[in-house]
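Student: the following comprises the amino acid sequence and a computationally predicted model.
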Amino acid sequence: MKLIDLKNTEKVIITKVSGLIRVRSGFGRRNAFHFLAVIGPGIVVMFADTDAGSVITAAQSGAVWGYKLLLLQLLLIPIVYIVQELAVRLGLVTGKGHGELIREHFGKTWAWLSVSTLVVASLGALITEFAGVAGAGLLFGIPPWLSVGMAVLLLLIVVWTGSYLSVERIAILIGSFELVFLLVAWWARPSPEAMLNGLTRIPWRQPGYMYLTVANIGAVIMPWMVFYHQSAVVDKGLKSKDLRASRRDTALGAIITQLIMIAVLVAVAATIGVHKPGESLNTVQQIADALIPFLGERVGKILFAMGIVGASLVAAIVVSLASAWGLGEVSGYKRSLEHQPRKAPWFYVAYTAMLVIGGIIVVSETNLINLSVAIQVMNAALLPIVLGFLYLLALKALPKPYRLHGIYSVVVGVIVATISILGIYAVISPFF
């Protein structure tokens, strides 16, 4: 009978456990570094998602319906993730942008139709963003021509002089200003009881409630997001091996954008929704004028301006790049932030033209209220086209291991169909 050397056995066990811990620790560090290298496109596009128009929509929801649209904001987290994950998957696996895939699988006519409507919708979005910048500037007595002109100049310098990574980092920095809305919501001191009541009592039979429901969906799921996200992961050089990290990036972005929407809704519901329920808030200035008395004159102005300007500028970068990438994908010109302007002139010309035209329209004293209505109709009409192509490409353009299939394919199809029907409803409802 052999005697067991307990001390030696203990050393062996400790050595093996320590080795396993080191291996797992090294694997964890590699995963963390890989995620940090991949993260970016999802965060940027989701910061842009909470643009000036979305802030106005969330504020209007809180003013008119209090917390009754809060549940919708939570439900939109997985929905916006599902839509954007398809764009990421298509970009990583095929190495091609959205417009390029449409041209390849459905022909040039459909590709040009999709990208042309994208450009119109992006221009409309830019008008909204610059109107947000102008509104924030007016809080401090800065005339629109100066605030919008400075914004256009800044955005031109960022893209014309930077690489993809530098543009991405600057966009994240600018977009992070939106997080001040979380602080604004905290200072508004919302009632937990009122929030719970709003989550459980949904007046879904009332037309006004349904209209704002559709508006919130349109504010969160926008056509240019698909084009930008798919092209961004391609321009960044990400591959199919980066899919898991890119999904996490997209999920994190989806949570952040909806937390910001929730913060705006809660801040307005806890203040204006209590003291002046039902008040219409259609412009940035109206929201600021209504919120600032509850937050304090100086601090309220600074925080609100930071949030709106951050939301507007990051969205302006994203929609302009989405159009420049999309046009290049169907026309064939060079389209990468890694190319210097002299090597990809049409890409930078398209980006610049979008910004300049949008800025000129805003400072030309055009009736922005009527124009905003037309923009929302255009976005709603475009959703069925963009989401329809996105779904079909996920079924057709991907190799089998990455293709949509099974129950998840049915779930995605139902979501796309529902959003498309609501988009059509938003277009035709004013006529009935």
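Tutor: The structure has been received and is ready for your questions. Keep in mind that this is a model prediction, so the values were computed, not measured.

Student: so in the chain, which helix runs the longest?
Tutor: helix 297-331 (DSSP state H).

Student: from the middle of its chain, how far away would stretch 157-170 be?
Tutor: On the basis of CA atoms, centre = their mean, to the nearest Å, stretch 157-170 sits 18 Å off its chain's mean C-alpha point.

Student: buried residues in it?
Tutor: For stretch 157-170, burial by neighbour count (16 or more other CB atoms under 10 Å) applies to 158-159, 164, 167-168, 170. All C-beta atoms are positioned from the backbone trio N, CA, C, and that covers glycine.

Student: average pLDDT across that stretch?
Tutor: Averaging pLDDT along stretch 157-170 gives 88.

Student: residues in contact with that stretch?
Tutor: The set of residues external to stretch 157-170 that reach it, using CB atoms under 8 Å, 6 or more residues apart in numbering, is 40-41, 44, 232, 235-236, 317, 320-321, 336-338, 341, 348, 351-352.

Student: what do you get if the cut-off is 6 Å, keeping everything else the same?
Tutor: With CB atoms under 6 Å, 6 or more residues apart in numbering as the test, stretch 157-170 has contacts from 40, 44, 235-236, 337-338, 341, 351.

Student: just stretch 171-185 next, same as before
Tutor: Here stretch 171-185 makes contact (CB under 6 Å, 6+ apart) with 43-44, 47, 50, 260, 263-264, 266-267, 303, 306-307, 310-311, 313-314, 317.

Student: buried subset of these, written for ChimeraX?
Tutor: Selection of the buried residues among the contacts of stretch 171-185 in ChimeraX, burial being defined by 16+ other CB under 10 Å:
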select :43,44,47,50,260,263,264,266,267,303,306,307,310,311,313,314,317
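
Student: do you know how far His105 is from Val414?
Tutor: From His105 over to Val414 the distance is 23 Å, taken as CB to CB, to the nearest Å.

Student: sorry, slip of the keys, the one I care about is Arg169.
Tutor: In terms of CB to CB, Arg169 sits 37 Å off from Val414.

Student: now do Lys334
Tutor: 39 Å.

Student: more crowded one of these two?
Tutor: Lys334 (13 against 10; other CB atoms under 10 Å).

Student: hmm, Pro345 and that one touching each other?
Tutor: No: contact criterion CB atoms under 6 Å: Lys334 and Pro345 do not qualify, at 8.3 Å.

Student: got phi/psi on Arg342?
Tutor: Arg342 adopts backbone torsions of phi -70, psi -20, taken as degrees, to the nearest 10.

Student: that one: neighbour count?
Tutor: Using other CB under 10 Å, Arg342 has 7 neighbouring residues.

Student: what's the pLDDT at it?
Tutor: pLDDT recorded at Arg342 is 88.

Student: same thing with Arg244?
Tutor: pLDDT for Arg244: 91.

Student: quickly find the element holding it.
Tutor: Using DSSP states H and E, Arg244 maps to helix 243-275.

Student: what about that helix, distance to the chain center?
Tutor: From the chain centre to the centre of helix 243-275 is a distance of 11 Å (CA atoms, centre = their mean).

Student: that one: what's the following helix or strand?
Tutor: Counting by DSSP H and E, the next helix or strand C-terminal to helix 243-275 is helix 284-295.

Student: what does that following helix contact?
Tutor: Residues contacting helix 284-295 (CB under 6 Å, 6+ apart): 59, 132, 135, 139, 271-272, 281, 300, 304, 308.

Student: which of the residues you listed sit farthest apart?
Tutor: Pairwise distances across the contacts of helix 284-295 peak at 20.0 Å for Gly132 and Thr271 (criterion: CB to CB).

Student: more neighbours: which of the two?
Tutor: Per other CB under 10 Å, whichever of Gly132 and Thr271 has more neighbours is Gly132, with 29 against 24.

Student: so where is the stretch 201-350 of the chain shaky, pLDDT-wise?
Tutor: 278-280, 282, 294-295 (pLDDT under 70).

Student: repeat that for 80
Tutor: 204-208, 210-211, 218-219, 272-300 (pLDDT under 80).

Student: so who does Asp49 touch?
Tutor: Neighbouring residues of Asp49 by CB under 6 Å, 6+ apart: Thr257.

Student: hmm, try it at 10 Å
Tutor: Neighbouring residues of Asp49 by CB atoms under 10 Å, 6 or more residues apart in numbering: 80, 84, 175, 219-222, 224-225, 253-254, 256-258, 260-261, 311, 314-315, 318.

Student: equivalent analysis for Pro345, please.
Tutor: Each residue near Pro345 by CB under 10 Å, 6+ apart is listed here: 333-334, 339.

Student: for those, which one is nearest Arg244?
Tutor: Scanning those for proximity to Arg244, where the rule is CB to CB, the winner is His339, at 29.1 Å.

Student: what distance do you get for the closest one to Glu100?
Tutor: Distance from His339 to Glu100, by CB to CB: 16 Å.

Student: now do Ala37
Tutor: 25 Å.

Student: then Met210?
Tutor: 37 Å.

Student: could you check which of those two is surrounded by more residues?
Tutor: Higher neighbour count among Met210 and Glu100: Glu100, with 23 against 16, using other CB under 10 Å.
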